[in-house]
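Participant: Structure, please.
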Amino acid sequence: MDDPAFTNDSIGAILLYKCQPNYYINYTYMLVPTNTSSGSLTQFVSVPIFPLKKTMELTCSQDGNWTKQYPDADIRCYHPCMIKLPTLVNAWSDFNSSKNYSDANNQTLSVECLPGYEFAFNKTKQVLTCAASKWDDRKLLPCYKVCLDPIREAGEEMTVANVTANSVNTTMTYACTEGHHLNTTEV
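Facilitator: Residues are numbered from 1 along each chain as shown. Now for the predicted structure:
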């Protein structure tokens, strides 16, 4: 943030604070849960209620105190990656609202699917990158529910197809070797 040119401290004087490019004043915000499904971990992120502002004025009031243009504002500039995280479904991240994220160094977050969920076969961890003044979630894949039971090994004289998926409704195919048959008699 640029320091204001302080030349006058009389009543009615105005100081103008201005953020550097790609930074904004987070002047009004609320905490929003990123996941509210039953039994899941809940993470809260700070989300601006109003459009982000690049400047803020402080005015010398009648009582001799400096008053802020936006009373709830920090007199601090924030990068958008510090304020808003994309919605994560069935996942959590190591987002820390007190960390100074920006796209200057392609900073990243670790995103991990909740237990019982994966984004690809046996894969639960992804990376989210701060780029172009926002979190780039174009490559972030959704986490889907998986079968938690271990895959049963094929019995004697039996084979099982190569396992490439374990999402709900996936079918495993077992086959008897030549000359053998399944006993389908009900007990």
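Participant: what's the average pLDDT for stretch 172-185?
Facilitator: Averaging pLDDT along stretch 172-185 yields 83.
Participant: Give me the distance between the two termini of it.
Facilitator: 21 Å (C-alpha to C-alpha, to the nearest Å).
Participant: So which residues make contact with it?
Facilitator: Residues from elsewhere that reach stretch 172-185, judged by C-beta atoms under 8 Å, 6 or more residues apart in numbering: I151, R152, A154, E157, M158, T159, V160, A161, V163. To be clear about C-beta, it is placed using only N, CA and C from the backbone, and glycine gets the same treatment.
Participant: Now for the protein, the helix or strand with the poorest mean pLDDT.
Facilitator: Sorting the helices and strands of the chain by mean pLDDT, DSSP states H and E puts strand 29-33 at the bottom, at a mean of 47.
Participant: roughly how far out does stretch 135-155 sit from the chain middle?
Facilitator: How far stretch 135-155 lies from its chain's middle: 19 Å, per C-alpha atoms, centre = their mean, to the nearest Å.
Participant: and what of stretch 141-157?
Facilitator: 28 Å.
Participant: And stretch 101-113, by the same measure?
Facilitator: The answer for stretch 101-113 is 9 Å, by C-alpha atoms, centre = their mean.
Participant: Need the residues that contact it.
Facilitator: 22, 79, 81-82, 85, 88, 90-95, 119, 124-135, 140, 143.
Participant: Inside helices: which ones of the residues you listed?
Facilitator: Counting by DSSP state H, these place C81, M82 in helices.
Participant: Can you list which of the contacts of stretch 101-113 are found in strands?
Facilitator: A91, W92, S93, K125, Q126, V127, L128, T129, C130, A131, K134, W135 (DSSP state E).
Participant: hey, what's the fourth one bridged with?
Facilitator: Right, K125. Per DSSP bridges, the residues bridged to K125 are E112.
Participant: mind listing what it touches?
Facilitator: S110, V111, E112, C113.
Participant: And it, what's its pLDDT?
Facilitator: 96.
Participant: cool, and the last one?
Facilitator: If you check W135, the pLDDT there is 85.
Participant: so how far is F119 from it?
Facilitator: 16 Å (C-beta to C-beta, to the nearest Å).
Participant: out of these two, which sits in the more crowded spot?
Facilitator: W135 (24 against 18; other C-beta atoms under 10 Å).
Participant: I'd say that one and F95 touch.
Facilitator: No. If you go by C-beta atoms under 8 Å, W135 and F95 don't touch, sitting 9.0 Å apart.
Participant: tell me, what's touching these two both at once?
Facilitator: L85, L109.
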